[in-house]
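Engineer: Just a sequence and a predicted model for now, questions to come.
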Amino acid sequence: MDPKVKRLDHLALYVTDLERAERFYVGVLGLEPVMRLPDQVLLKVGDVNIGLMRTERRESADPGLLLHPLGKAHHAFQIEAEALDAWRRKLGSAQVQTSDVVDWGDHRCFYFLDPDGNLLELVTPPAARA
């Protein structure tokens, strides 16, 4: 029998300011802190962890990416379908610019940048088909 990958355990995002990134992911997105080390913070979202990894330099964020985010590398977080508009308002009140809503027919999503320019997506689950 061939060995199989069981599930995604964690992914890592590079950030230049660890404390600022933790405030964003915990305070704005509601992720739960799991562990803090001098150069990284591990956060929990559902049954997956995200490691915020300190780096010295990054290219500056390109807000123009939000005009054409499809097909770009990103990380997506699933939300309840009825919460999409509330999330857009919450991010707006936190001064986070978002893309237009993309309607895929059976689900919707929108994109935004974290403080370090990582492209993120909030996506609703696909609607049940009759």
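Structural biologist: Received, thanks.

Engineer: And the protein, split by domain according to the record?
Structural biologist: Taking automatic domain parsing as the reference, the chain has its domains at 1-55, 63-130.

Engineer: what ranges do the helices span in this structure?
Structural biologist: 18-22, 84-93 (DSSP state H).

Engineer: Please produce TSV containing these, extended by mean pLDDT.
Structural biologist: Output for the helices of the chain, formatted as TSV (pLDDT from 0 to 100):
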stretch	mean pLDDT
helix 18-22	96
helix 84-93	96
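
Engineer: which one of those is the most hemmed in?
Structural biologist: helix 18-22 (a mean of 17; mean count of other Cβ atoms under 10 Å). C-beta: built from backbone N, CA, C; applies to glycine.

Engineer: between the helices of the chain, which gets nearest to residue 42?
Structural biologist: helix 18-22 (10.2 Å; Cβ to Cβ).

Engineer: Centre of the chain to that closest one, how far?
Structural biologist: Computed by Cα atoms, centre = their mean, to the nearest Å, the chain-centroid distance of helix 18-22 equals 14 Å.

Engineer: which secondary structure elements does it contact?
Structural biologist: Applying 3 or more Cβ pairs under 8 Å, 6 or more residues apart in numbering; DSSP states H and E, one finds that helix 18-22 makes contact with strand 40-45, strand 48-54.

Engineer: out of those, which comes closest to residue 81?
Structural biologist: Of all the helices and strands packed on helix 18-22, it is strand 40-45 that lies closest to residue 81, at 18.0 Å by Cβ to Cβ.

Engineer: Which residues does that closest one contact?
Structural biologist: Strand 40-45 is contacted by residues 10, 18, 21-22, 25-26, 29, 31-36, 49-54, 77 when judged by Cβ atoms under 8 Å, 6 or more residues apart in numbering.

Engineer: do stretch 18-36 as well
Structural biologist: 13, 15, 39-45, 49-50, 52, 54, 77, 90-91, 94, 96, 114-116.

Engineer: Mind doing that once more with 7 Å?
Structural biologist: Stretch 18-36 has contacts (Cβ atoms under 7 Å, 6 or more residues apart in numbering) with 15, 41-45, 49-50, 52, 54, 94, 96, 114-116.
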